[in-house]
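**Student:** Sequence first, then the predicted structure, then my questions.
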Amino acid sequence: MRKPSQAVLGIMLVFVAAWIASGDQTGTRAPFAIGGLSVPAGQTQSGFLEVPGGETKIPVTVIHGAKPGRVLALVAGTHGFEYPPILSLYRIKDMVRPADLSGTLILVHIANLPSFQRRTIYFVPADGKNLNRVFPGDPNGTLSQKMAYVLTKEVVDRCDALIDMHCGDGNEALIPYTYWMIGPDAASTAEAKAMCLAFGIPTIIIDDTRSQDIKDSKYLGNTALLRKKPAITTEYGFLGRSDEIAIQKNAAGVLSVMRLFKMVPGEPESVARPVWIDKYEVVNSAHDGLFFPEVEMGQYVAAGQRVGYLTDYFGVRLQILTAPFEGVVLYIINTPPANKGEPLFEVGRVKK
């Protein structure tokens, strides 16, 4: 048998080098394990994350790209009545081909399945807690704390970056905005800013109010950020509606962040002229009763301007609500029920 010539060997080496550079060698990538799933490179698999106690489970999909890259977690349904982010992740699942993907996507379709099933705003029906206030969770705690523990252990700890996707709950008229959370790690905070811009929502809240205690991180996005993983919280959609525009915008934002991370070809569609909110305040109800808003989401208000009023259950006025400072109404409750201690509206101050 004749040995190949030097020219033939050269061609073969060029071919092998090009094949390696293309990343099209899924056998060199280890499977991605999460929960009970073990997903080979170049494949997509769906399943459930089991919650201690067996009271519920969390539906997830993993798209494990054929080529190496970042692990990006996309979490929807932390509040079960917030539908556009949930529906957008099913679009992403169908749109992203693992053969074309560099890196790995973790799609948490519905983080809070009990709330989704019962159509409840804010709270988990079993324990009355807000899932997005009990992170990093507790495997021996209430159901909300158990779900937070699983999301921390299986999603936050496994990813390189995270997007916590929200919208206006069933009672919230909310303009689109993104939270840029300021964490103790400068590098992950800076990368989170780039993620905010890439997601494409012009209004961005600069949020330096989140807990810096890794054992009491409270919010999902903050839980990742305190672990030095860039994370943002997005809000696109309102009043629990499933409108097509909001679904598309959520999906487009995800794809733009994926381009930022070079997970798919192309350049991110970053916000050219962001509106930065450098201060915000949520005004809560001081009474049980009915809330009557007098302004709309996105409206600019002056300090002290009337925003709405509260009555008791007989229609007697209890309280006039006013804006705490000049700014934009980021969201306002547009359903009548008012419960003591719960939010009525949020005002953000535009950075000059």
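**Tutor:** The structure has been received and is ready for your questions.

**Student:** contacts and neighbour counts: CA atoms only from here.
**Tutor:** Noted.

**Student:** So, low pLDDT: which residues of the protein?
**Tutor:** 1-27 (pLDDT under 70).

**Student:** what does the domain assignment say about it?
**Tutor:** 28-260, 281-350 (automatic domain parsing).

**Student:** Distance from the shortest one to the middle of the chain?
**Tutor:** Centroid separation for domain 281-350 versus its chain: 26 Å, with CA atoms, centre = their mean, to the nearest Å.

**Student:** Same question for the longest one.
**Tutor:** Mean-position distance between domain 28-260 and its chain equals 4 Å (CA atoms, centre = their mean).

**Student:** Show me where the stretch 1-150 of the chain has its strands.
**Tutor:** Secondary structure of the stretch 1-150 of the chain (DSSP state E, counting those that start in this stretch): strands at 32-34, 37-39, 43-50, 57-64, 67-76, 102-108.

**Student:** Packing partners of the last one?
**Tutor:** Other helices and strands packing on strand 102-108, by 3 or more CA pairs under 8 Å, 6 or more residues apart in numbering; DSSP states H and E, are strand 57-64, strand 67-76.

**Student:** Dump the ones you listed to JSON lines, plus distance to residue 168 and mean neighbour count.
**Tutor:** Formatted as JSON lines, the helices and strands packed on strand 102-108 follow (distance: least, CA to CA, whole Å; neighbours: other CA atoms under 10 Å):
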{"stretch": "strand 57-64", "distance to residue 168": "22", "mean neighbour count": "23"}
{"stretch": "strand 67-76", "distance to residue 168": "13", "mean neighbour count": "22"}
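
**Student:** These: which one's closest to residue 156?
**Tutor:** Checking these against residue 156 by CA to CA gives strand 67-76 as the closest, at 7.6 Å.

**Student:** In the sheet, which strands lie alongside the closest one, parallel or antiparallel?
**Tutor:** Each strand paired with strand 67-76, and its direction, by DSSP bridges: strand 102-108 (parallel), strand 161-166 (parallel).

**Student:** coming back round to it: in TSV, list the helices and strands packed on strand 102-108 along with distance to residue 114.
**Tutor:** Output for the helices and strands packed on strand 102-108, formatted as TSV (distance: least, CA to CA, whole Å):
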stretch	distance to residue 114
strand 57-64	9
strand 67-76	14
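
**Student:** So for residue 179, which of the ones you listed sits nearest?
**Tutor:** Taking these one by one with CA to CA, strand 67-76 is closest: 14.8 Å.

**Student:** and residue 57, bridged to which residues?
**Tutor:** Counting by DSSP bridges, residue 57 forms beta bridges with residue 50.

**Student:** and it, what does it touch?
**Tutor:** 48, 49, 50, 51, 113 (CA atoms under 8 Å, 6 or more residues apart in numbering).

**Student:** isn't residue 171 right up against residue 239?
**Tutor:** Yes - between residue 171 and residue 239 there is a contact at 5.2 Å, judged by CA atoms under 8 Å.

**Student:** got any residues that touch both of these two?
**Tutor:** Each of residue 334 lies in contact with both residue 171 and residue 239 under the rule CA under 8 Å, 6+ apart.

**Student:** Assign residue 188 to helix, strand or coil.
**Tutor:** helix (DSSP: H, G, I helix; E, B strand; the rest coil).

**Student:** The nearest residue to it once chain neighbours are set aside: neighbouring residues, count only.
**Tutor:** Leaving aside its chain neighbours, residue 188 sits nearest to residue 230 (4.6 Å; criterion: CA to CA, 6 or more residues apart in numbering). Close neighbours of residue 230, defined as other CA atoms under 10 Å, add up to 30.

**Student:** Residue 191 now?
**Tutor:** 15.

**Student:** in a helix, that's where it is, yeah?
**Tutor:** Yes - Residue 191 forms part of a helix when assessed by three-state DSSP.

**Student:** isn't it right up against residue 230?
**Tutor:** Yes - counting by CA under 8 Å, residue 191 touches residue 230, with 5.9 Å between them.
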